[in-house]
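Undergrad: requesting a structural model of the entry that follows:
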Amino acid sequence: MDKPDRKRLQDFLKPYRVTKGKGFRLADRDPGDTHGLTSEHKGRAAEMLARGVDWLAEEQEKLYAQDRWACCSCSRRWTPRARTARSST
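TA: Take a look at the predicted model:
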């Protein structure tokens, strides 16, 4: 991933990054947050996800080469069906 793409991805992920665990509660996060992405952006979102996965793999390889462990990621694919099912409960 080149530097401008990495910067764009980091800026996109910044609101979701947990840098200090103290006081963090997952229950305080909105599971329906799409960061402004709608079904119209599905193709772009899939591309961003693929690029993010590639970048994460690169970073994991660096940590492995350094014999260090530090990276953890969790993502969930948003679909209209899942959102409808969740909102009806």
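Undergrad: what about this protein, any weak spots by pLDDT?
TA: By pLDDT under 70, the low-scoring segments of the chain are 1, 68-89.
Undergrad: go through it and flag its longest helix.
TA: Secondary structure of the chain per DSSP state H: the longest helix is helix 42-65.
Undergrad: show me what counts as buried in that helix.
TA: Under the neighbour-count criterion of 16 or more other Cβ atoms under 10 Å, helix 42-65 has 45, 48, 52, 56 buried. (Each C-beta comes from the backbone N, C-alpha and C, glycine too.)
Undergrad: can you check stretch 9-16 too?
TA: Buried positions in stretch 9-16, judged by neighbour count with 16+ other Cβ under 10 Å: residue 9.
Undergrad: would you mind writing the CA trace of that stretch as PDB?
TA: The C-alpha trace of stretch 9-16 is given here as PDB (Å, rounded to 0.1, in the frame of the first residue of the first chain):
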ATOM      1  CA  LEU A   9      -7.000   4.500   5.400                       C
ATOM      2  CA  GLN A  10      -5.600   5.700   8.700                       C
ATOM      3  CA  ASP A  11      -7.700   8.900   8.600                       C
ATOM      4  CA  PHE A  12     -10.800   6.800   7.800                       C
ATOM      5  CA  LEU A  13     -10.100   4.400  10.800                       C
ATOM      6  CA  LYS A  14      -9.100   7.100  13.300                       C
ATOM      7  CA  PRO A  15     -12.500   7.400  15.000                       C
ATOM      8  CA  TYR A  16     -12.600   3.600  15.600                       C
END
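Undergrad: so what touches it?
TA: Around stretch 9-16, the neighbours that count as contacts under Cβ atoms under 8 Å, 6 or more residues apart in numbering are 1, 35, 48, 51-52, 55.
Undergrad: mind picking the two most distant members of the residues you listed?
TA: Distances among the contacts of stretch 9-16 were taken as Cβ to Cβ; the most separated pair is 1 and 35, at 19.0 Å.
Undergrad: of the two, who's got more company?
TA: Neighbours were counted for residue 1 and for residue 35 using other Cβ atoms under 10 Å; residue 1 has more, 15 against 11.
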